[in-house]
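Chemist: Predicted model, plus sequence, below.
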Amino acid sequence: MIATAIGAFAPHAAQAADCEGLTALDLPNVEIRSASPVAPGTFSEPSRGGRPGDSHDNVPAFCRVAGIASPEAGSRIGFEVWLPAPDAWSQRLHMIGNGGYGSNLYWAQLVARVQRGDVAVATDTGHSGSSLTFGIDNPVAIVDWGNRAAHASVVAAKGVVKAYYGRPQRWSYFSGSSTGGHQALMLAQRHPEDFDGIIAGAPGNNRTALNFQFMWNFLSNHRRGDNSTQIVPNRKLPMIRRAVVAACDADDGVIDGVITEPLKCGFDVGALACPGAETANCLTAEQVATMRAIYRGPRNARTGEQLYPGLTLGSEGMGGDEANPGWADFWANPDKPDEPQRADFFRYWVFKDANWNWWNFDWDKDVDTVQRVIAPVVNATDPDISAFRARGGKLIMFMGWDDPVGSSVEAINYYDSVVARGQGADEAARLADTQSFARLYMIPGMGHTAGGPGATHVSTATRDSAPPVEDARHDMGLALYDWVERGTAPEALIGTHFSSGTGATGTVQFQRPICVYPKVARYAGGDPNSAESFRCEPATRR
């Protein structure tokens with residue numbers, strides 16, 4: 001995962017309140033459930049599902065606070081605040097986002113924050129577990145998950161910070177990807193006062209349309225009424241991806257198993273059509289049609305309007321690696337492969353019908369119903385983030401071109417909608433104006449939030465060992481801190497692909513510049529494994 005913590009600035013000495021005494025803290029609509037000092041050494045995560053959690057070494061002493069925020073009756077938003085010792089505090093607060101529809105906290109990232117001297121904050125998004133059934137007859141919980149939990153949690157956390165240190169944080173940050181990216185954009189749009197800097201990775205911000213895509217892909221890959229048999233079996237995905245990569249890999253000047261410009265790639269899956277009987281290395285006419293439908297994306301049945309962009313070439317199955325199965329984990333529910341991914345979103349949150357049948361979904365009228373009923377609660381698609389900008393906020397977005405969950409193009413669509421509101425007489429001027437406070441990085445070869453065959457490691461902050469390069473070019477978090485605190489806007493970042501091991505313990509195979517959108521990295525000569533051999537140039541679209 002791209003992480004966002006960096007080394008702390010020189011700490012500011014402050015007189016700390018008694019940690020355990022924070023349980024008596026009186027904050028509006030907040031109950032502090034526990035506050036206890038944690039000794040330096042090893043931190044063990046709480047067990048989950050009957051299995052012990054991971055352990056983290058070299059954790060400094062901190063004050064661990066847990067509470068419940070209840071902005072309205074029936075709301076129970078759990079949160080944690082980890083407070084470094086006053087003489088180690090960086091004067092930053094850094095909140096971590098969530099994933100999927102789950103309530104779990106990312107303990108490793110909380111640890112990474114306090115190791116760097118930051119106050120660490122996280123929320124359970126207002127419920128327990130990962131099943132969407134928490135929303136059955138519980139609209140308050142849906143609101144909490146959809147747009148309120150992170151805001152309510154950080155407001156409470158800021159109250160805890162002020163009480164503990166005797167002064168507020170100097171800077172506040174939020175970073176997250178997937179649902180965390182969704183939360184990030186929701187905060188920039190609806191709560192612009194909460195954070196000075198935000199990182200939004202692989203944002204699932206157009207949530208209703210993302211779930212349209214999941215259902216569309218399931219229906220496209222099954223014959224009507226047959227929920228059990230896929231038209232394109234999972235085993236053919238690596239073969240398809242190999243063909244795509246073979247056709248498009250060299251577009252950036254280097255053959256490295258990575259497609260730099262999927263929108264430039266002109267590969268047609270029809271080239272894999274079987275000349276005769278089906279084999280493992282070709283596609284039947286029906287399979288070609290299925291693949292084309294998924295690349296095309298969901299559309300309104302009456303108007304033909306694009307509801308969500310199709311998945312990009314190269315996202316099908318990440319190099320055939322079973323640990324990164326690409327579409328195989330998302331074009332059906334992996335726990336219930338005979339139903340679409342996120343079927344419960346429609347079943348319980350929209351139609352409120354336990355017997356709802358996806359085969360009867362009307363891709364015109366039902367689309368309107370979904371957008372009317374749930375979009376105002378869960379969609380973070382408003383391009384107007386001018387209030388966030390006005391108070392000096394800085395936003396970094398990133399998205400992997402090989403993402404098999406949400407379409408990479410949707411991240412571009414949202415960013416372009418922000419650019420369209422920029423100041424200037426032409427598109428170039430509006431882009432430059434927008435880049436003064438918001439920048440997008442499209443990462444070739446990255447899957448969903450992390451991993452993949454590209455130079456996808458753009459931070460070493462979550463690793464146990466110290467980063468080998470304390471440099472903003474190698475760390476999005478450091479780049480954001482520099483932008484907010486020093487006014488140094490981030491240019492091209494450096495991405496690394498490790499051929500073995502993970503992070504700082506692995507062997508560097510190659511590095512690439514991760515360019516500020518809409519530029520892409522193209523080979524200019526020299527060592528093809530060095531980022532210095534590439535230049536950021538304007539992208540090409542067909």
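Modeler: Cool, got the structure. Bear in mind that the values here come from a model prediction, so they are computed numbers and not experimental data.
Chemist: Tell me the helices and strands packed up against the helix ranked longest in the chain.
Modeler: Longest among the helix segments of the chain by residue count, using DSSP state H, is helix 149-165. Taking 3 or more Cβ pairs under 8 Å, 6 or more residues apart in numbering; DSSP states H and E as the contact definition, the neighbouring helices and strands of helix 149-165 are strand 30-38, strand 62-69, strand 77-84, strand 92-96, strand 119-123, strand 171-177, helix 179-190. The C-beta positions use only the backbone N, C-alpha and C, and glycine is treated the same way.
Chemist: what angle sits between it and helix 179-190?
Modeler: Compare the direction of helix 149-165 with that of helix 179-190 by axes from the mean of the first three to the mean of the last three Cα atoms, to 10 degrees and you get 80 degrees.
Chemist: how does the chain divide into domains?
Modeler: As assigned by automatic domain parsing, the chain contains the domains 16-169, 211-375.
Chemist: could you redo those domains as CSV and give each row mean pLDDT and mean neighbour count?
Modeler: As requested, those are exported to CSV (pLDDT from 0 to 100; neighbours: other Cβ atoms under 10 Å):
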stretch, mean pLDDT, mean neighbour count
domain 16-169, 95, 19
domain 211-375, 94, 18
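Chemist: Residue 425 is nearest to which of the ones you listed?
Modeler: Each of those was scored for nearness to residue 425 using Cβ to Cβ, and the closest is domain 211-375 (26.3 Å).
Chemist: which residues of the stretch 151-300 of the chain fall in helices?
Modeler: With helices called from DSSP state H, counting those that start in this stretch, the stretch 151-300 of the chain shows them at 179-190, 207-220, 237-248, 285-296.
Chemist: Can I get the ones you listed in a markdown table including distance to residue 397?
Modeler: Output for the helices of the stretch 151-300 of the chain, formatted as a markdown table (distance: least, Cβ to Cβ, whole Å):
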| stretch | distance to residue 397 |
| --- | --- |
| helix 179-190 | 8 |
| helix 207-220 | 16 |
| helix 237-248 | 24 |
| helix 285-296 | 23 |
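Chemist: and of those helices, who's closest to residue 486?
Modeler: In this view, the helices of the stretch 151-300 of the chain are compared for proximity to residue 486 by Cβ to Cβ, and helix 179-190 is the closest at 20.9 Å.
Chemist: Need the residues that contact that closest one.
Modeler: Surrounding helix 179-190, the residues in contact under the criterion Cβ atoms under 8 Å, 6 or more residues apart in numbering are 96-101, 146-147, 149-151, 174-176, 194-195, 198-205, 207, 380, 382, 384-385, 388, 393, 395, 397, 414, 449.
Chemist: can you rerun that using 6 Å?
Modeler: 97-100, 147, 150, 174, 176, 194, 198, 200-205, 380, 382, 385, 388, 395 (Cβ atoms under 6 Å, 6 or more residues apart in numbering).
Chemist: Need the phi and psi values for the residue nearest to residue 159 when sequence neighbours are not counted.
Modeler: Setting aside the residues directly before and after it, residue 159 is nearest to residue 27 in space (Cβ to Cβ, 6 or more residues apart in numbering), at 4.4 Å. In terms of degrees, to the nearest 10, the main-chain angles of residue 27 are phi -120, psi 150.
Chemist: So residue 27 sits against residue 158, correct?
Modeler: No. When contacts are counted by Cβ atoms under 6 Å, residue 27 is not listed as touching residue 158 (9.4 Å).
Chemist: Contacts for the longest helix of the chain next, please.
Modeler: Applying Cβ under 6 Å, 6+ apart, the contact partners of helix 149-165 are 14, 16-17, 25, 27, 30, 65, 67, 69, 71, 77, 79, 81, 83, 86, 95, 119, 121, 123, 125-126, 168-169, 183, 187, 191, 194.
Chemist: again, but for stretch 401-418
Modeler: With Cβ under 6 Å, 6+ apart as the test, stretch 401-418 has contacts from 202, 204, 206, 210, 262, 309, 311-312, 314-315, 326-327, 330, 383, 399, 434, 440, 442, 444-448, 452.
Chemist: what comes up buried for it?
Modeler: Along stretch 401-418, these residues count as buried under the neighbour rule (16 or more other Cβ atoms under 10 Å): 401-416, 418.
Chemist: Need the CA coordinates for stretch 58-74. PDB is fine.
Modeler: Presented in PDB, the C-alpha positions along stretch 58-74 are these (Å, rounded to 0.1, in the frame of the first residue of the first chain):
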ATOM      1  CA  ASN A  58      10.000  -0.500  18.000                       C
ATOM      2  CA  VAL A  59       6.800   1.300  19.000                       C
ATOM      3  CA  PRO A  60       7.400   4.400  21.100                       C
ATOM      4  CA  ALA A  61       5.500   5.200  24.300                       C
ATOM      5  CA  PHE A  62       2.100   6.700  23.600                       C
ATOM      6  CA  CYS A  63      -1.300   7.400  25.100                       C
ATOM      7  CA  ARG A  64      -4.000   5.300  23.600                       C
ATOM      8  CA  VAL A  65      -7.500   6.800  23.700                       C
ATOM      9  CA  ALA A  66     -10.700   5.100  22.500                       C
ATOM     10  CA  GLY A  67     -14.100   6.800  22.200                       C
ATOM     11  CA  ILE A  68     -17.600   6.900  20.700                       C
ATOM     12  CA  ALA A  69     -19.000   9.900  18.800                       C
ATOM     13  CA  SER A  70     -22.800  10.100  18.500                       C
ATOM     14  CA  PRO A  71     -23.700  13.100  16.300                       C
ATOM     15  CA  GLU A  72     -27.400  11.900  16.400                       C
ATOM     16  CA  ALA A  73     -29.500   9.400  18.100                       C
ATOM     17  CA  GLY A  74     -28.600   5.800  17.000                       C
END
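Chemist: Contacts only, for the closest residue in space to residue 293 that isn't next to it in sequence.
Modeler: The spatial neighbour of residue 293 that comes closest, neighbours along the chain excluded (Cβ to Cβ, 6+ apart), is residue 220 at 4.1 Å. For residue 220, the contact set (Cβ under 6 Å, 6+ apart) comprises 290, 293, 294.
Chemist: Distance to residue 459 added to these, as TSV?
Modeler: Putting the contacts of residue 220 into TSV (distance: Cβ to Cβ, whole Å) gives the following:
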residue	distance to residue 459
290	37
293	36
294	31
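Chemist: From those residues, pick the one nearest residue 112.
Modeler: Looking across those and measuring by Cβ to Cβ, the closest to residue 112 is residue 294, at 36.3 Å.
Chemist: and the closest one, what does it touch?
Modeler: Applying Cβ under 6 Å, 6+ apart to residue 294 gives the contacts 217, 220, 311.
Chemist: Residue 331 is in contact with the first one, correct?
Modeler: Yes. Counting by Cβ under 6 Å, a contact exists between residue 217 and residue 331, whose distance comes to 4.2 Å.
Chemist: Nothing else from me, thank you.
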